[in-house]
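Q: Sequence first, predicted model second:
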Amino acid sequence: MHRLAAFIAAATLLFVVHAVAQSAPQLPKVSISLPADVPSEKVGVRYVLYGPFGAHGSDGVQKSGSQLIEIPAAVEGRPADQLKMFVWAPGCKIATFDILVQGSSNVHVSFFCSPLSNNTLVGQIKNAHLHGRKPAEVRVNYLASRSAAASPARPTASLRKSPT
């Protein structure tokens with residue numbers, strides 16, 4: 001008799017848990033699909049959600065080997081109204097997104113890798129001590145400003161003798 005009561009109680013509990021899970025509101029999410037040749041581990045995502053909770057920013061979490069990044073578009077169970085984000089990958093231009101989130105609907109966007117342009121730097125090394133002797137390493141650091149029109153980028157160079 002006790003076993004029958006225990007079985008009925010367990011079955012009722014499972015039914016209630018299943019019903020509660022089914023009635024829980026689905027919170028929206030934003031999915032970003034990535035090109036096949038861009039590994040998700042190399043992609044950066046920074047976003048801000050806006051809604052009745054104010055503003056909440058975070059980083060997107062990449063799953064190794066996946067070509068999809070999912071962002072929950074809710075904060076503490078409250079759906080966002082809007083999401084703004086930057087997506088970037090090595091060798092690609094930064095992509096920006098401004099997305100309106102409609103209630104509990106999911107949004108799907110794609111990140112396309114628009115290749116960065118190449119900049120050719122030309123220079124001359126004048127150092128009598130290195131000429132024709134030991135190998136040397138040249139490093140050029142290129143720092144672009146936020147607005148190239150306001151202040152052009154200034155490359156810096158350093159020269160170092162290689163160890164023998």
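A: Yep, it's here.
Q: For residue 75, grab the count of nearby residues.
A: Residues within reach of residue 75, counting by other CB atoms under 10 Å, total 18. Placement of C-beta: from N, CA and C, glycine included.
Q: correction: residue 114
A: Residues near residue 114, counting by other CB under 10 Å, number 11.
Q: How about the one 3 residues further on?
A: When neighbours are defined as other CB under 10 Å, residue 117 has 6 of them.
Q: My read is that residue 30 contacts residue 73, right?
A: Yes: the pair residue 30 / residue 73 is scored as a contact, 5.2 Å apart, by CB atoms under 8 Å.
Q: So for the two, which residues contact both of them?
A: In the contact map built from CB atoms under 8 Å, 6 or more residues apart in numbering, the residues linked to both residue 30 and residue 73 are 83, 101, 107.
Q: can you list those residues in JSON lines and add secondary structure, pLDDT and distance to residue 123?
A: Below are the shared contacts of residue 30 and residue 73 laid out as JSON lines (DSSP: H, G, I helix; E, B strand; the rest coil; pLDDT from 0 to 100; distance: CB to CB, whole Å):
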{"residue": "83", "secondary structure": "strand", "pLDDT": "95", "distance to residue 123": "44"}
{"residue": "101", "secondary structure": "coil", "pLDDT": "88", "distance to residue 123": "50"}
{"residue": "107", "secondary structure": "strand", "pLDDT": "92", "distance to residue 123": "47"}
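Q: Adding distance to residue 141 and neighbour count as columns, could you present the residues you listed in CSV?
A: Output for those, formatted as CSV (distance: CB to CB, whole Å; neighbours: other CB atoms under 10 Å):
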residue, distance to residue 141, neighbour count
83, 35, 22
101, 41, 22
107, 39, 17
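Q: out of those residues, which one sits closest to residue 138?
A: The nearest member of the shared contacts of residue 30 and residue 73 to residue 138, counting by CB to CB, is residue 83 at 43.8 Å.
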